[in-house]
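> Structure here, sequence nowhere to be found:
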């Protein structure tokens, strides 16, 4: 019995050894460390809805792929509060730990909220963070600027201050200092932010981040703890799609006003010169692209209406000469509309058409219309030299006696003529009127 038991035990051990050897010889499955993937994205512009969509899609891919880490490389002047809040929600609800790495020049305004919301906040040498006080800009700049409702400003400030405290508290960061960044627009260098516990590390690049975090335990936003295994990882950059890059290009205020201008002018040319096709196609494409830009940028539709009115006045000047009145009105509408074309929301950098663009468009339009108006006025003062009207004032010779009827030679042609006072044959005559191909003439010296 003992021998049988020993034999059975030996056989079982041998089977386990063989199974273990077989598993060890197979390439899969391997340890989670060897399969670890780190996804990386880059945001280096103002934070608009396109930025939020890009981050959401990238985080979804990272979560579906079971990423060990997600790195957001950030360099931004800020963005729309609604966009920043959406991005923060995506970061705090991500299954994959999120590192925000300020590696460009700054994470200002809305970028500050993204940084303190991350599981791990990192800054590169030479960068800065902060200046998150809400900004409420008047629609029209006047003198020193129009007054902003203090109650509205206080509400926005208190709301964002509470938001900053909440994020800092959940991430174990300096709540008091996070509130000061909002209330006092405080800004800090990477070393100051590290010393004051606004961020976790200062690193040069992604590899240094992975080296520092390997084996570290981090606290997630829901309170759980997760240990990072990053000794053997593969970094996978997630670039913007062609559509996202196109929308990113369209999120340019200067380009938007050119698209609007080109679209209206193109359609006007097509309607006034049917069959040219190209101007109509180009105009339609420009207006469609402007509509896309309007979905990205915070448009002020009163400003859009003023710009359109200005362009229409320029075009009307070509059809209904007003000796400069429509041109002056068009310039005024164009400048005012361009200045108030975009709304500026709390916490976002100013979105506006570049001043040089406004000046160049308005100045060029005014110059062109001034030249055209001058030409129209000059032409209107010129004597008509064709048709019946061109004969008035012309001089000729009476071929016969002219009274109630007669014949004259005027402008190289023979004409029937009549005169209020009799004119003798061979006398010089001057045309005073043309009626039914009969010339009214009078004797001239």
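Nice, I can see it. Every value quoted in this text rests on a predicted model; they were computed, and no experiment measured them.

> where exactly do the helices run in the stretch 151-300 of the chain?
Using DSSP state H, counting those that start in this stretch, the helices of the stretch 151-300 of the chain run over 175-183, 190-195, 206-213, 242-250, 253-272, 278-296.

> what's the spacing between residue 314 and residue 417?
Per Cβ to Cβ, to the nearest Å, residue 314 is found 48 Å from residue 417. From N, CA and C alone the C-beta is placed, and that goes for glycine too.

> again, but for residue 159
90 Å.

> between these two, which one's more packed in?
It is residue 417, of residue 159 and residue 417, that has more neighbours when counted by other Cβ atoms under 10 Å, with 24 against 15.

> got the contact list for that one?
By Cβ atoms under 8 Å, 6 or more residues apart in numbering, residue 417 lies in contact with 398, 402, 405, 406, 407, 408, 429, 438, 439, 440, 441.

> In strands, which of those residues fall?
The strands, defined by DSSP state E, take in 398, 406, 407, 408, 429, 438, 439, 440, 441 from the contacts of residue 417.

> From the residues you listed, pick the one nearest residue 279.
In terms of Cβ to Cβ, no member of those lies closer to residue 279 than residue 439, at 45.9 Å.

> Give me the pLDDT for that closest one.
With respect to pLDDT, residue 439 scores 90.

> from memory it sits against residue 419, does it?
No. The criterion here is Cβ atoms under 8 Å, and residue 439 misses it with residue 419 at 9.3 Å.

> and residue 102, what does it touch?
Per Cβ under 8 Å, 6+ apart, neighbours of residue 102: 74, 75, 111, 115, 122, 123, 124, 127, 129, 190.

> Nearest residue to residue 249 in space, please, no chain neighbours.
residue 255 (7.2 Å; Cβ to Cβ, 6 or more residues apart in numbering).

> Look up how far residue 289 lies from the one you found.
From residue 255 to residue 289 the distance is 9 Å (Cβ to Cβ).

> quick one: which of these two has more around it?
Under the criterion of other Cβ under 10 Å, the comparison of residue 255 against residue 289 puts residue 289 first, with 20 against 17.

> check contacts around the more buried one.
250, 259.

> where does the residue nearest to residue 268 when sequence neighbours are not counted fall, phi/psi-wise?
Spatial nearest neighbour of residue 268, excluding adjacent residues (Cβ to Cβ, 6+ apart): residue 315 at 5.3 Å. With angles defined as degrees, to the nearest 10, residue 315 sits at phi -70, psi -40.

> isn't residue 315 right next to residue 267, touching?
No. Judged on Cβ under 8 Å, residue 315 makes no contact with residue 267 at a distance of 10.3 Å.

> Between residue 439 and residue 419, tell me which one has more neighbours.
Legend: neighbour count by other Cβ under 10 Å for residue 439 and residue 419, higher for residue 439 (27 against 22).

> Quick check: closest non-adjacent residue to the more buried one.
In space, and not counting its chain neighbours, residue 439 is closest to residue 417: 4.5 Å by Cβ to Cβ, 6+ apart.

> Adjacent strands (with direction) for the strand or helix carrying the one you found?
Secondary structure from DSSP states H and E places residue 417 in strand 413-419. Strand 413-419 has its sheet partners listed here by DSSP bridges as strand 406-410 (antiparallel), strand 438-443 (parallel).

> want to try TSV for the ones you listed, with distance to residue 336 as columns?
Below are these laid out as TSV (distance: least, Cβ to Cβ, whole Å):
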stretch	distance to residue 336
strand 406-410	56
strand 438-443	54
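
> So what angle separates the directions of the biggest strand by length in the chain and helix 206-213?
The strand spanning the most residues in the chain, taking DSSP E as the definition, is strand 98-108. Relative orientation of strand 98-108 and helix 206-213, computed by axes from the mean of the first three to the mean of the last three Cα atoms, to 10 degrees: 120 degrees.

> How far does the helix or strand following strand 98-108 sit from its chain's centre?
The C-terminal neighbour of strand 98-108 among helices and strands, as given by DSSP H and E, is helix 110-117. Centroid displacement of helix 110-117 relative to its chain, using Cα atoms, centre = their mean, to the nearest Å, is 22 Å.

> For helix 110-117, give me every contacting residue.
By Cβ under 8 Å, 6+ apart, helix 110-117 touches 47, 72, 74-81, 83-84, 87-88, 91-92, 100, 102, 107, 121, 123, 129-132, 163-164, 167-168, 171, 173, 178, 181, 198-199, 221, 347-348.

> Remind me what the next helix or strand after that helix packs against, helices and strands.
Per DSSP H and E, the first helix or strand lying C-terminal to helix 110-117 is strand 120-123. In terms of contacts (3 or more Cβ pairs under 8 Å, 6 or more residues apart in numbering; DSSP states H and E), strand 120-123 is packed against strand 98-108, helix 190-195, strand 201-202, helix 206-213.

> most tightly surrounded among the ones you listed?
strand 98-108 (a mean of 24; mean count of other Cβ atoms under 10 Å).

> follow-up on the earlier one: report the inter-axis angle for the longest strand of the chain versus helix 110-117.
Put simply, strand 98-108 runs at 150 degrees to helix 110-117, going by the same axes, to 10 degrees.

> partner strands of strand 98-108, parallel or antiparallel?
When DSSP bridges is applied, strand 98-108 pairs with strand 69-76 (parallel), strand 120-123 (parallel), strand 128-130 (parallel).
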